[in-house]
Structures are given as C-alpha cells and as structure tokens.
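Engineer: Below: sequence and its predicted model.
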Amino acid sequence: MWRTVVGVDLILHGLVHVIGFVVAWRITALEGFAYRTDAVGGIDLGSSGVKVLGMYWLVAALGFVTADVALLTRCGWWQSAKRGVAVVSLVLGIQWAQQAFAGVVTDVVIIATLVLFPRRARRLAVQ
C-alpha cells in the first residue's frame, strides 16, 4: 500500500514539472508561473536559454514518472533514477525558487530520504 501511495504521489510531483516546460516554451500562460528569462542571480538567459531549461523541466517530468513507475512495478533501479532526477529537479527549482519553492522542498526530502534511508526506501519496491 505505501508503495502505491508514494509512487502515485511522486508521479504527480513529476507531472508538475510539465509546468516549467509549457511556461518556458510559451505554450500557455499559467497564473502564478510568469514567463521569465532570468535565472538565479539575475542572469539573463534569453528566450533560447529559457527554452533549453524548459526542455530540462520536461526531461525531469519524464524521469520522475519513469522512476515512479519503476517503483510501482518493483524494478530495482528506481532509487538511482529517482535520486538523479531529484538532483536535476532541485537545480531547476533553485533557478526560480519563488515559483518552485514547494518543488525544491520536495526534492530535498526525496534526496535526503534516499541517501539517509536507502534500505527503507528499497523495501518500498519489494513489499
């Protein structure tokens, strides 16, 4: 049961990354997620740079969903995939921490859990 709860919850976290993609590519405007070309430290990335970051948001979304489906189907590699994707997501979230604060916190919790409690996390896949 916990595997399903955690897996579905984290799939939803992954799907939220699609917001970063659609905003960066100006596919749609979403309230609370303004299009910006600046990153952390006020560095102007320009529209092309923001589109590159938008692609990373999409890759993170696909990575999270893939890792979580692996968890739900009891694949042993889900932890490594989840850890790697969470690091990418954390770096992306830091770029726009005001808009992605909840995601940054979620990524820190995911990384900390997988690093500090790997055996407990591994048990999710075998229960």
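Structural biologist: All right, it came through fine. The shown structure was predicted, so the numbers you read here are calculated from the model rather than taken from an experiment. Residues are numbered from 1 along each chain as shown.
Engineer: Any regions of the chain where pLDDT drops low?
Structural biologist: 1-3, 5, 8, 124-127 (pLDDT under 70).
Engineer: Let me see the ranges of the helices in it.
Structural biologist: Under the criterion DSSP state H, helices of the chain are mapped to 2-16, 18-24, 46-72, 78-95, 101-116, 118-126.
Engineer: The one residue sitting closest to the centre of the chain and R74, how far apart?
Structural biologist: Residue closest to the average C-alpha location in the chain (CA atoms, centre = their mean): S89, at 4.2 Å. Going from S89 to R74 by CB to CB, to the nearest Å gives 23 Å. To be clear about C-beta, it is placed using only N, CA and C from the backbone, and glycine gets the same treatment.
Engineer: thinking again about what came up before, same list, the helices of the chain, but as a markdown table with distance to G32 please.
Structural biologist: Conversion of the helices of the chain to a markdown table gives the following (distance: least, CB to CB, whole Å):
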| stretch | distance to G32 |
| --- | --- |
| helix 2-16 | 12 |
| helix 18-24 | 9 |
| helix 46-72 | 16 |
| helix 78-95 | 15 |
| helix 101-116 | 11 |
| helix 118-126 | 32 |
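Engineer: Out of the ones you listed, which is closest to A39?
Structural biologist: Closest to A39 of the helices of the chain is helix 78-95 (CB to CB; 4.5 Å).
Engineer: For W25, what are phi and psi?
Structural biologist: When read as degrees, to the nearest 10, the backbone of W25 gives phi -90, psi 0.
Engineer: what about it, how many neighbours?
Structural biologist: By other CB atoms under 10 Å, 16 other residues sit near W25.
Engineer: Tell me the spacing between it and V108.
Structural biologist: W25 is 27 Å from V108, by CB to CB.
Engineer: For F33, find the nearest of the helices of the chain.
Structural biologist: helix 18-24 (4.9 Å).
Engineer: helices or strands next to that closest one in the packing?
Structural biologist: Packing contacts for helix 18-24, counted by 3 or more CB pairs under 8 Å, 6 or more residues apart in numbering; DSSP states H and E, involve helix 46-72.
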